[in-house]
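# Predicted model follows, preceded by the sequence.
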Amino acid sequence: QVQLVESGGGLVQAGGSLRLSCAASGRTVNSYTMGWFRQAPGKEREFVARISRSGTTYYADSVKGRFTISRDNAKSTVYLQMNSLKPEDTAVYYCAADRYYSGISQKNYDYWGQGTQVTVSS
């Protein structure tokens, strides 16, 4: 079992940057595929990025080239560096983990954090 706690959200102007953190307790992050998802008001939760146990990364087209997912195994923390933020990036961002799945379908992730709000003003 793993517990996930996100932090780092906030209010930023368009074009700015934020770094989200997801601290995992109970297991090291390289034992899981770690993913970031987001849910904007009135919309369904969607995939943003993921890093597999082997370290392979994958991104949604909407964030490719602007967001970077990484992990620090010693700190059991996964990060989402978000640059060139746009108003449409405004959402609650969730960290998720799964021991065996490495895809992008949220229904297959077993563990979730509580979310952190990111608001990008125009």
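Sure, I can see it.

# where's the closest residue to S121 other than its chain neighbours relative to T28, distance?
For S121, ignoring the flanking residues on the chain, the nearest one in space by C-beta to C-beta, 6 or more residues apart in numbering is Q13 at 5.4 Å. Any C-beta I mention is one placed from the backbone N, CA and C, and that applies to glycine too. Taking C-beta to C-beta, to the nearest Å as the measure, Q13 falls 36 Å from T28.

# Contact partners for the spatially most central residue of the chain?
The centre of the chain sits closest to W36, judged by C-alpha atoms, centre = their mean, with a distance of 2.4 Å. Applying C-beta atoms under 8 Å, 6 or more residues apart in numbering, we find W36 in contact with 20, 22, 48-50, 69, 78, 80, 93-96.

# Nearest to S102 among the residues you listed?
Within the contacts of W36, distances to S102 taken as C-beta to C-beta reach their minimum at R50, with 7.4 Å.

# Before I go, just wanted to say thanks for your time.
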